[in-house]
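[1] Here is the input, now give the coordinates:
(one chain, ligands or ions: 2)
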Amino acid sequence: MIRTPTNTGWIEVIAGCMFSGKTEELIRRVRRAQYGRQPVVVFKPRIDDRYSLDSVGSHSGTKLLCVQIDRAAEIRELAGAAQVVGIDEAQFLEDELVEVCEDLANAGKRVIVAGLDLDYKGNPFGPMPMLLCRAEYIQKALAVCVICGNPADRSQRLVASKDTVLVGEADSYEARCRLHWDPEGAEGQQQRLPFGPNLAERLSK
Ligand code: ADP
Ligand code: MG
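    Ligands and ions are numbered 1, 2, ... in the order given. Next comes the predicted model:
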């Protein structure tokens with residue numbers, strides 16, 4: 001049982017690939033704080049409009065009201081008297097989010113941040129690496145690989161687009177494990193095969 005601090009704030013980060021349950025876990029933690037009658041506010045970047053304009057939503061359908069922001073600095077102004085501050089899809093915010101979270105934690109708030117740790121190419125995403133270093137508590141959430149059922153930590157893009165940011169869900173991405181994830185495999189129907197063309201080639205050598 002982790003003993004949480006008193007008389008101070010702290011940062012918690014929930015990181016992982018798509019479908020790993022980051023938003024579900026954020027919602028669970030925020031709901032528990034609400035049961036404890038703690039003032040809570042949740043933010044998400046406006047870029048993520050998959051589910052609703054004013055709620056954070058998980059792939060399983062659970063939702064929570066939230067404030068949409070365009071810039072990380074807005075969180076400083078809008079956090080107000082909230083004791084618990086949640087932030088979803090943090091990978092889409094600027095690096096300034098790290099200092100914003102530090103300031104909120106230093107001001108005595110519990111800051112819960114959820115976001116993709118890796119982009120579809122497998123590179124660290126936005127401010128997430130720095131946040132993971134600065135946080136007191138971190139959780140790596142894992143999904144289930146849709147090909148083999150192993151724990152999955154990577155997001156397989158299923159559509160041919162080279163943009164780092166391509167907001168989508170089950171039609172555009174799948175959770176894959178290390179073995180079945182292929183960063184070059186998002187071409188036509190081939191990406192739906194167990195082994196993308198490049199990966200099949202690598203394994204046959
Ligand atoms: P995240 O915020 O990490 O993208 P969500 O919290 O929105 O994840 O969604 C998690 C839910 O997604 C799971 O509870 C499950 O219902 C669903 N899901 C769909 N595909 C998968 C998968 N491959 N592995 C695990 N959960 C999945
Ligand atoms: Mg999510």
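[2] The closest residue to residue 46 other than its chain neighbours: neighbouring residues, count only.
    Spatial nearest neighbour of residue 46, excluding adjacent residues (Cβ to Cβ, 6 or more residues apart in numbering): residue 68 at 4.6 Å. The way it works is simple: take the backbone N, C-alpha and C, and place the C-beta from them, glycine included. Using other Cβ atoms under 10 Å, residue 68 is surrounded by 17 other residues.
[3] So which residues on this structure come close to ligand 1?
    The chain comes close to ligand 1 at residues 16, 18-24, 58-60, 141, 143-144, 146, 175, as judged by Cβ under 6 Å from any ligand atom.
[4] at 8 Å instead, please
    For the chain, the contact set with ligand 1 under Cβ under 8 Å from any ligand atom comprises 16-27, 57-60, 62, 88, 114, 116, 141, 143-146, 152, 170, 174-175.
[5] Helix or strand: which one has the residue most central in space within the chain?
    The centroid of the chain falls nearest to residue 115 when counting by Cα atoms, centre = their mean (1.9 Å). Using DSSP states H and E, residue 115 maps to strand 110-116.
[6] buried residues in the longest helix along the chain?
    The helix that spans the most residues within the chain, counting by DSSP state H, is helix 22-35. Neighbour counts using 16 or more other Cβ atoms under 10 Å place 22, 23, 24, 25, 26, 27, 29, 30, 33 of helix 22-35 among the buried residues.
[7] how far away is the third one from residue 139?
    This means residue 24. 12 Å (Cβ to Cβ, to the nearest Å).
[8] coming back round to it: what about the residue nearest to residue 46, is that helix, strand or coil?
    strand (DSSP: H, G, I helix; E, B strand; the rest coil).
[9] What residues does it make contact with?
    Residue 68 makes contact with 43, 44, 45, 46, 53, 54, according to Cβ atoms under 8 Å, 6 or more residues apart in numbering.
[10] Please enumerate the helices of this structure.
    22-35, 73-78, 96-106, 128-134, 197-204.
[11] What is the fourth one packed up against?
    Right, helix 128-134. strand 10-16, helix 96-106, strand 110-116 (3 or more Cβ pairs under 8 Å, 6 or more residues apart in numbering; DSSP states H and E).
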